[in-house]
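Student: whatever this is, show me its structure:
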Amino acid sequence: MKLYVFPNLDKKNCRSYTKTACEILINNDVSVYMSYMYKRDFSDVNGIEYIDNDCVIEECDFILAVGGDGTILRCSDLARKYKKPLLGLNCGRLGFMATLEHDEINLLNDFCKGKYVLDKRMMIDADVYYENGSVNHVTALNDVVLTKNHGCKIADFTVSKNNNVISSLRADGLVFSTPTGSTAYSLSAGGPIIEPDMECIEFTQICPHSLFARSMLFSDNSVIDVHFKTDKNSEVILTVDGVEIDKLSDNDYVKILKSDDYVEIVDIKGGSFFKSVNRKLMQPFKEILEEV
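Tutor: Okay, here's the model as predicted:
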């Protein structure tokens, strides 16, 4: 087995967890690769092979992301591009997408023995059509977000499906998420949690100017158009998986649809998603009730 490791050393204790993970993998005869930029940080680990580009990922069997959900999202583009399953080791806070928590790191021994399943995760495309006729194509594992910029008092959005207007509203922004992304920004904006192996597009408004705004679910074959109008000289910001992509004007528009691409997430324990929801969302609430 060959495995490419991507650590986020900005995370507390990430170096320690990555070192332990690499030692477990190497002891199980796994070939471990890492970017040459990390050679000094892991000079005390024997057996890591360092490379100066991403080409080796094409020859690897898996990608290991050590960090939080943001780290996994950054690696998801590599996983999508090279069609490699993604294994997440969480050393952040919530970490819904991670396969393992840092205190479960010894379960990598089971992974090396083939004791895992692959969860296929849907992605969504955002095609941006500019006034000048050009098109920008981006893909998200979590979400595509459109928000008014800081200088804009309010933005008007029109959301259509297959040329039928679904919603015309004033809001700070809109979130279009995959089931995987339903536990991220969409959840914070009041959206529901969706089982990640479902295939649908979730639409949630951010601070809508309405008493009756609710999230909506669209079928996976939907084609959703989003037009917008802002204050004079203001813009709408397009963010994909937490990364700002562009600033859009009133004469631009965005088309949202299911992507042909996907990412496979490694699940070693089985039912990792529901265990994460219970442990990281429900458990704190239970503790509060017990104290009352």
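Student: what's the mean pLDDT across the longest strand seen in the chain?
Tutor: In the chain, with assignment by DSSP state E, the single longest strand is strand 253-267. The average pLDDT within strand 253-267 is 96.
Student: can you start the count at 724 instead of 1 from here on
Tutor: Okay, residue one is now 724; in that scheme the one you just asked about reads as strand 976-990.
Student: which stretches of the stretch 774-923 of the chain have low pLDDT?
Tutor: Residues of the stretch 774-923 of the chain that meet the criterion pLDDT under 70 lie in 817-818.
Student: where do the helices sit along it?
Tutor: Here the stretch 774-923 of the chain has its helices, by DSSP state H, counting those that start in this stretch, at 792-805, 831-835, 908-911.
Student: distance to residue 756 added to the ones you listed, as TSV?
Tutor: In this view, the C-beta of every residue, glycine as well, is placed from N, C-alpha and C. As requested, the helices of the stretch 774-923 of the chain are exported to TSV (distance: least, Cβ to Cβ, whole Å):
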stretch	distance to residue 756
helix 792-805	12
helix 831-835	16
helix 908-911	32
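Student: go through those helices and pick out the most buried.
Tutor: Most buried of those by mean neighbour count (mean count of other Cβ atoms under 10 Å) is helix 792-805; its value is a mean of 22.
Student: how far off strand 976-990 does that one point, in degrees?
Tutor: Angle, helix 792-805 to strand 976-990, by axes from the mean of the first three to the mean of the last three Cα atoms, to 10 degrees: 100 degrees.
Student: check which helices and strands helix 792-805 is in contact with.
Tutor: Counting contacts by 3 or more Cβ pairs under 8 Å, 6 or more residues apart in numbering; DSSP states H and E, helix 792-805 is packed against strand 725-730, strand 785-790, strand 809-813, strand 976-990.
Student: quick check: which of these is nearest to residue 833?
Tutor: Minimum separation from residue 833 across the helices and strands packed on helix 792-805 (Cβ to Cβ) falls at strand 976-990, 11.0 Å.
Student: flag every buried residue along that closest one.
Tutor: By 16 or more other Cβ atoms under 10 Å, the buried positions in strand 976-990 come out as 976-982, 984-990.
Student: tell me the one of those residues nearest residue 824?
Tutor: Nearest to residue 824 among the buried residues of strand 976-990, counting by Cβ to Cβ, is residue 990 at 13.3 Å.
Student: does residue 992 count as helix, strand or coil?
Tutor: Here residue 992 is coil, with the state taken from DSSP: H, G, I helix; E, B strand; the rest coil.
Student: of the helices of the stretch 774-923 of the chain, which is nearest residue 866?
Tutor: Residue 866 lies closest, by Cβ to Cβ, to one member of the helices of the stretch 774-923 of the chain: helix 908-911, at 5.6 Å.
Student: how far does the helix or strand that the closest one is followed by sit from its chain's centre?
Tutor: Of the helices and strands lying after helix 908-911 in sequence (DSSP states H and E), the nearest is strand 923-929. Strand 923-929 sits 15 Å away from the centroid of its parent chain (Cα atoms, centre = their mean, to the nearest Å).
Student: in its sheet, what does strand 923-929 sit against?
Tutor: Note on strand 923-929: by DSSP bridges, its sheet partners are strand 896-900 (antiparallel), strand 939-942 (antiparallel).
Student: any chance of the ones you listed in JSON lines, with mean neighbour count too?
Tutor: Compiled in JSON lines, those are given as follows (neighbours: other Cβ atoms under 10 Å):
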{"stretch": "strand 896-900", "mean neighbour count": "25"}
{"stretch": "strand 939-942", "mean neighbour count": "15"}
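Student: ok, of the buried residues of strand 976-990, which one's closest to residue 898?
Tutor: Using Cβ to Cβ, the buried residues of strand 976-990 come closest to residue 898 at residue 979, 10.7 Å.
Student: residue contacts, residue 765?
Tutor: 738, 741, 742, 745, 757, 771 (Cβ atoms under 8 Å, 6 or more residues apart in numbering).
Student: point out the ones among the residues you listed that are inside helices.
Tutor: Of the contacts of residue 765, the ones assigned to helices by DSSP state H are 738, 741, 742, 745.
Student: so where do the strands sit in the stretch 824-973 of the chain?
Tutor: 840-852, 858-863, 866-871, 878-884, 887-894, 896-900, 923-929, 939-942, 946-952, 959-963, 966-971 (DSSP state E, counting those that start in this stretch).
Student: in CSV, list those strands along with distance to residue 824.
Tutor: CSV is the format used below for these (distance: least, Cβ to Cβ, whole Å):
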stretch, distance to residue 824
strand 840-852, 17
strand 858-863, 25
strand 866-871, 24
strand 878-884, 37
strand 887-894, 36
strand 896-900, 24
strand 923-929, 26
strand 939-942, 30
strand 946-952, 35
strand 959-963, 27
strand 966-971, 25
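Student: many thanks, I have nothing further to ask.
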